[in-house]
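K.L.:
sequence and computational prediction follow.
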Amino acid sequence: MERPNAWTTYDAGALEALEAISEKYRSYLDYGKTERECVSETVAMAKSKGYVDLEDAILAGKPLHAGDKVFVNCMGKAVMLFYLGKQSLENGINIVGAHIDSPRIDIKQNPFYEKTDLAYADTHYYGGIKKYQWVARALALHGVVVKKNGTSVPIVIGEDEGDPVVGISDLLIHLAHDQMGKKASEVIGGEDLDIILCGQPLKDVEKEPVLAMLLKILKEKYGIEEEDMLSAEIEAVPAGKTRDFGLDRSMLLGYGHDDRVCAYASVEAILSMTEAPEYTCCCLLADKEEIGSVGATGMQAHYFENAMAELLALTAPAYSELILRRALKNSRMLSCDVSAGFDPLYASAFEKKNAALMGHGVCYNKFTGSRGKSGSNDANPEFIARLRKIMEDNKVTWQTAELGKVDVGGGGTIAYICALYGMEVIDSGVPVLSMHAPEEIINKADLYEAVKAYAAFMKDAAPQAK
Ligand code: MN
Ligand code: MN
């Protein structure tokens, strides 16, 4: 059973639409290098399409109707967009959900120190990374410093052409005999990922003059004291912009495709809907997926359920616990997360006929997990059959895949968490090469097909016929 390469199906109009979406995605990705930046960008895009803050609707006590659009901003780190449909929420809604956190290197709370005329920031990495990939490359700093008086200072250093960048040094090859003999997992230790910030002593300072230079710059440029780092969230991420990849410009190389490519495709799909849908549609962008969907902004928190309860309170029939349970149970969801693209250089890690091929369209993973599907959501064939029809009706190029060979490894997504409500869920995403590396690769055709797939799903998904 073979699936076609999506590029072979495009006419001139499709190629133009594909390029337009790639360009919009490129700027979303270049701006959104942290979950907070993705939320603020998504909210700005939603507002420009007429979405209003659900908090404002609640305060106004204004009933909501089909065609109304609301967003929920969850602590600035997760966000949901709802486009209200003609059917009651009780009949379930159509959800596309992705995550907007990506692997990175976080600055510690007490980070700064000086050693041998260099000032450093101590770090703790976030998510699954090959640590050796993050040294000897340009890094940018993104985040917020919240001062004791509550003011939040946004930080973005290393993205503008004229900005300085920072980074982590590696041992020169000439002296690396012992290092090169180590296992890849031990070449760079977690505590060795410290970032060089300054290399010039402040004049007339005797004790730690380079650290004094760093603190002077933070004070002068950002009004930040060293103590303010106690209430900061600064993420070191690869500096620079997303690039066309390949001589034919068919791919994109950039930081954070996992999972901002699916996040963007979900946002694009819901914002491109021009008339009130039959069933309410939701685009849900979660935080903390890379570390287990934990915390108040991770998918295990109850913000989605709470938002549904609030929506029920503003629509008919009015809120009741029972109606809420039915609304959740009757919903349908695409858990939109990237999949491992088949890599011919590492073919032995994959079982090719069940691998996601680059350029072969949006990918559906019936299950994820590892070692006998452990930790996986395993989508129902009844649901997959309905999806096959939706994809074919809407001329989407799609494929099915699993993450690598049996027993080679595995991974998880937010799918199993939403499935706890009893709704139908399946993983669906874009194949990625070099996943979790500082720069990952996607194929533009797969992004384009994901946008088509998510739009088709929100338009056409419906409850299982009785
Ligand atoms: Mn992911
Ligand atoms: Mn990931």
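P.N.:
Perfect, thanks for sending it. Numbers count the residues shown, from 1 in each chain. Ligands and ions are numbered 1, 2, ... in the order given.

K.L.:
can you show me the strands along the stretch 351-466 of the chain?
P.N.:
362-365, 369-370, 398-400, 410-411, 424-429, 431-432, 440-443 (DSSP state E, counting those that start in this stretch).

K.L.:
what parts of the stretch 351-466 of the chain come near ligand 1?
P.N.:
Counting by C-beta under 5 Å from the ion, no residue of the stretch 351-466 of the chain lies close to ligand 1. (Glycine included, C-beta is placed from N, CA and C.)

K.L.:
what do you get for the chain?
P.N.:
The chain has residues 258-259, 337 near ligand 1, with proximity defined as C-beta under 5 Å from the ion.

K.L.:
lowest-scoring secondary structure element of the protein by mean pLDDT?
P.N.:
Ranked by mean pLDDT, DSSP states H and E, the weakest helix or strand in the chain is strand 410-411, scoring a mean of 86.

K.L.:
relative to its centroid, which residue of the chain is most remote?
P.N.:
Outermost residue of the chain with respect to the C-alpha centroid, by C-alpha atoms, centre = their mean, is Asp204; its distance is 46.5 Å.

K.L.:
so who does the residue lying closest to Gly341 once chain neighbours are set aside touch?
P.N.:
Of all residues not flanking Gly341 in the chain, Pro431 sits nearest, at 3.5 Å (C-beta to C-beta, 6 or more residues apart in numbering). Residues in contact with Pro431 (C-beta atoms under 8 Å, 6 or more residues apart in numbering) are 338-342, 356-358, 360, 363, 401, 442-443, 446.

K.L.:
what does Arg137 give?
P.N.:
Residues in contact with Arg137, defined by C-beta under 8 Å, 6+ apart, are 167-168, 238, 438.

K.L.:
top helix in this protein by residue count?
P.N.:
The residue-count maximum for a helix in the chain (DSSP state H) belongs to helix 12-31.

K.L.:
report the buried residues of stretch 71-91.
P.N.:
Buried residues in stretch 71-91, counted by 16 or more other C-beta atoms under 10 Å: 71-74, 76-85, 87-91.

K.L.:
and if you look at stretch 21-39?
P.N.:
Quick answer for stretch 21-39 (16+ other C-beta under 10 Å): 21-22, 25-26, 28-30, 32-39.

K.L.:
rewinding a little: for Ala136, find the nearest of the strands of the stretch 351-466 of the chain.
P.N.:
Taking C-beta to C-beta, strand 440-443 is the member of these nearest to Ala136, at 18.3 Å.

K.L.:
return the list of helices and strands in contact with the closest one.
P.N.:
strand 251-254, helix 257-271, strand 431-432 (3 or more C-beta pairs under 8 Å, 6 or more residues apart in numbering; DSSP states H and E).

K.L.:
who are the contact partners of the closest residue in space to Ala263 that isn't next to it in sequence?
P.N.:
Leaving aside its sequence neighbours, Ala263 sits nearest to Ala98 (C-beta to C-beta, 6+ apart; 4.0 Å). Applying C-beta under 8 Å, 6+ apart to Ala98 gives the contacts 259-260, 262-263, 265-266, 284-286, 336-337, 429.

K.L.:
what's the mean pLDDT across stretch 283-303?
P.N.:
For stretch 283-303, mean pLDDT is 97.

K.L.:
over to stretch 195-213?
P.N.:
For stretch 195-213, mean pLDDT rounds to 98.

K.L.:
let me have the contacts of Ala98 in a markdown table, extended by distance to Lys352 and neighbour count.
P.N.:
What follows is the contacts of Ala98, written out as a markdown table (distance: C-beta to C-beta, whole Å; neighbours: other C-beta atoms under 10 Å):
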| residue | distance to Lys352 | neighbour count |
| --- | --- | --- |
| Asp259 | 24 | 30 |
| Arg260 | 27 | 29 |
| Cys262 | 23 | 33 |
| Ala263 | 28 | 32 |
| Ala265 | 25 | 32 |
| Ser266 | 28 | 29 |
| Leu284 | 33 | 27 |
| Leu285 | 32 | 29 |
| Ala286 | 31 | 31 |
| Cys336 | 24 | 34 |
| Asp337 | 21 | 27 |
| Gly429 | 19 | 29 |
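
K.L.:
what's the closest of those to Gly143?
P.N.:
Arg260 (16.7 Å).

K.L.:
hang on, the closest one packs against Tyr31?
P.N.:
No. Counting by C-beta atoms under 8 Å, Arg260 does not reach Tyr31; the two are 10.3 Å apart.

K.L.:
shared neighbours of these two, anything?
P.N.:
Between them, Arg260 and Tyr31 share no contacting residue, judged by C-beta under 8 Å, 6+ apart.

K.L.:
helices of this protein, residue ranges please.
P.N.:
All helices of the chain, identified by DSSP H, fall at 12-31, 35-48, 54-60, 177-180, 184-187, 209-222, 257-271, 303-313, 321-329, 381-393, 415-419, 444-460.

K.L.:
run the chain-centre distance for the longest one.
P.N.:
When C-alpha coordinates are averaged (C-alpha atoms, centre = their mean, to the nearest Å), helix 12-31 and its chain have centres 18 Å apart.

K.L.:
could you do the last one as well?
P.N.:
Distance of helix 444-460 from the chain centroid (C-alpha atoms, centre = their mean) equals 17 Å.

K.L.:
orientation of that helix relative to helix 257-271 in degrees?
P.N.:
If you take axes from the mean of the first three to the mean of the last three C-alpha atoms, to 10 degrees, helix 444-460 sits at 40 degrees to helix 257-271.

K.L.:
look at Gln87 and report its pLDDT.
P.N.:
The model reports Gln87 with a pLDDT of 97.

K.L.:
how close does it sit to Gly341?
P.N.:
Gln87 is 37 Å from Gly341, where distance means C-beta to C-beta, to the nearest Å.

K.L.:
hmm, back to that, of the contacts of Pro431, closest to ligand 1?
P.N.:
Nearest to ligand 1 among the contacts of Pro431: Val338, at 5.3 Å, using C-beta to the ion.

K.L.:
so what's the nearest residue to Lys373 once chain neighbours are set aside up against?
P.N.:
Spatial nearest neighbour of Lys373, chain neighbours left out: Phe367 (5.0 Å); criterion: C-beta to C-beta, 6+ apart. Going by C-beta under 8 Å, 6+ apart, Phe367 touches 373, 376-379, 402, 427.

K.L.:
now do Pro209
P.N.:
Shown in contact with Pro209 (C-beta under 8 Å, 6+ apart): 114, 201-203.

K.L.:
in CSV: the residues you listed, plus distance to Asn149 and neighbour count.
P.N.:
Shown next, in CSV, are the contacts of Pro209 (distance: C-beta to C-beta, whole Å; neighbours: other C-beta under 10 Å):
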residue, distance to Asn149, neighbour count
Glu114, 28, 19
Pro201, 32, 17
Leu202, 27, 16
Lys203, 32, 8
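
K.L.:
pick the one among those residues closest to ligand 1.
P.N.:
Glu114 (37.2 Å).

K.L.:
look up how far Lys207 lies from the closest one.
P.N.:
On the measure of C-beta to C-beta, Glu114 and Lys207 end up 9 Å apart.
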